[in-house]
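Enquirer: Need coordinates for the following:
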Amino acid sequence: MASYYPRPGSPFYWIRFQKPDGTWGGKSSGVRRAADGSLRKVKQAVAQETMREHTFSEQTQSNRFDAWVPKFLSRKYANEKTLIRYQAGWSAISTFLTHRAVIAPAQVTYQLCTEYPAFRTNPPKELMKARSHNTALTELKVFSAIMQEAVRRGYIPANPAIRLGLRRHAPKQKPEITAAEQATIEKALKSRDEWMRDCWLVAMLQGCRLTETAVPLREIDLKAGTITFRGKGNRQHCAPLHADLRPLVRRAIKQKRATLVLLPKYAAKAWFRFFRQIKLKHLCFHSTRVTVVTRLARAHHPIYLTKAYVGHGSDTIHAIYQRLSPTDVRHLGAALAAA
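Expert: Got it, this is the predicted structure:
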């Protein structure tokens, strides 16, 4: 409950009030102690502040994030992969909110949102593992969608998590896999699980993403020689099936698999550990896609053909994956020789 008090050195009465996080703060009432009717005015201000505390407390308890966000995410995102990604983002955000004693949308401020990247990149070790600045911004996009839903439900008048003006950091370029590194990887894979060898083969021959290696067998047409991947945004991409993958497809059919590669739950983490165990920690599985695009470019295949092969819809995105070196283009200088 709010109260008023005289503050030494100030001509005004001050009001002590409870903040949304349960802590106490003070602010000037704007009522001069020496003014006529000052006690009446300051008591009115205290009554208004007390009413605000009660109203805010009731709204906060009824609109708690944990009471509606999980169901909202499950209903809004029907795609399993998207749902998992948003649930992971919300898990990190909710840990931060709990750490800051924020339980409802009305307690969220613009400043709180802008402080999240610093927290995410260097959190208390007992709470979570640190992640990159760009990961924090991706998680804030999830939070913005949640806060926009809070606006629609009438919990808050506006979304403080939208248009934060936070810029992404330039990501590290994923390197091409050299011939020597490929030999090291394939030698090490001989003693690994079958799914890793299958996964590697598909990615190095088709240039697809990790999750796309688990393409359903119904999406592979041996007679037509095609394989249809579902990429980002559930976008379909039909590509020619590499001839060297036919034995794997037949083996998968014989084993009655649902998908070409049987990816485990934490496949990305398995590859992360694998590259570190074989002393190639600068690589990641997505380097396979970079390698395919670069090798096709080095073999002088036109961009429009290589885009169609790996499923890139944009020249800009496709160009990011090319790792041609000066040696690869040195011969072009001959065309510029003086006549």
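Enquirer: residue ranges with poor pLDDT in the stretch 201-339 of the chain?
Expert: Counting by pLDDT under 70, the ranges of the stretch 201-339 of the chain that qualify are 233, 313-339.
Enquirer: mind listing the strands for it?
Expert: Using DSSP state E, counting those that start in this stretch, the strands assigned to the stretch 201-339 of the chain run over residues 220-221, 226-230, 236-240.
Enquirer: Pipe the ones you listed into TSV and attach distance to residue 67 and mean neighbour count per row.
Expert: Placement of C-beta: from N, CA and C, glycine included. Putting the strands of the stretch 201-339 of the chain into TSV (distance: least, Cβ to Cβ, whole Å; neighbours: other Cβ atoms under 10 Å) gives the following:
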stretch	distance to residue 67	mean neighbour count
strand 220-221	45	17
strand 226-230	34	18
strand 236-240	38	14
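Enquirer: Tell me which of those approaches residue 272 most closely.
Expert: strand 226-230 (22.3 Å; Cβ to Cβ).
Enquirer: C-alpha coordinates for that closest one, CSV please?
Expert: Written as CSV, here are the backbone C-alpha positions of strand 226-230 (Å, rounded to 0.1, in the frame of the first residue of the first chain):
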residue,chain,number,x,y,z
THR,A,226,14.3,-37.0,-58.4
ILE,A,227,14.4,-36.1,-54.7
THR,A,228,12.1,-33.5,-53.2
PHE,A,229,13.3,-31.6,-50.1
ARG,A,230,11.3,-29.4,-47.8
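Enquirer: neighbouring strands for that strand, and are they parallel or not?
Expert: Using DSSP bridges, the strands paired with strand 226-230 are strand 220-221 (antiparallel), strand 236-240 (antiparallel).
Enquirer: Select, out of the strands of the stretch 201-339 of the chain, the one closest to residue 39.
Expert: For the strands of the stretch 201-339 of the chain, the distance to residue 39 is smallest for strand 226-230, at 70.9 Å, taking Cβ to Cβ.
Enquirer: Contacts for the closest one, please.
Expert: 206, 208, 212, 215, 219-221, 236-241, 245, 311 (Cβ atoms under 8 Å, 6 or more residues apart in numbering).
Enquirer: make it 6 Å
Expert: Residues outside strand 226-230 that contact it (Cβ atoms under 6 Å, 6 or more residues apart in numbering): 208, 212, 215, 219, 220, 236, 237, 238, 239, 241.
Enquirer: Equivalent analysis for stretch 27-35, please.
Expert: Contacts of stretch 27-35 (Cβ under 6 Å, 6+ apart): 11, 12, 13, 14, 15, 38, 41, 42, 45.
Enquirer: Among those residues, the buried ones, what's the ChimeraX command?
Expert: What follows is the ChimeraX syntax selecting those of the contacts of stretch 27-35 that are buried according to 16 or more other Cβ atoms under 10 Å:
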select :12,13,14,15,38,41,42,45
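Enquirer: out of the contacts of stretch 27-35, which one sits closest to residue 123?
Expert: Within the contacts of stretch 27-35, distances to residue 123 taken as Cβ to Cβ reach their minimum at residue 15, with 34.8 Å.
Enquirer: so what's that closest one up against?
Expert: Taking Cβ under 6 Å, 6+ apart as the test, what residue 15 contacts is 2, 4, 27, 29, 46, 49.
Enquirer: and those residues, which of them are in strands?
Expert: 4, 27, 29 (DSSP state E).
Enquirer: Give me the buried entries from those residues.
Expert: When the ones in strands among the contacts of residue 15 are checked for burial by 16+ other Cβ under 10 Å, the buried set is 4, 29.
Enquirer: which one of the ones in strands among the contacts of residue 15 is nearest residue 296?
Expert: Nearest to residue 296 among the ones in strands among the contacts of residue 15: residue 27, at 65.1 Å, using Cβ to Cβ.
Enquirer: In three-state terms, label the residue most central in space within the chain for me.
Expert: In the chain, the centroid-proximal residue (Cα atoms, centre = their mean) is residue 138; its distance is 4.1 Å. Using DSSP: H, G, I helix; E, B strand; the rest coil, the structure places residue 138 in helix.
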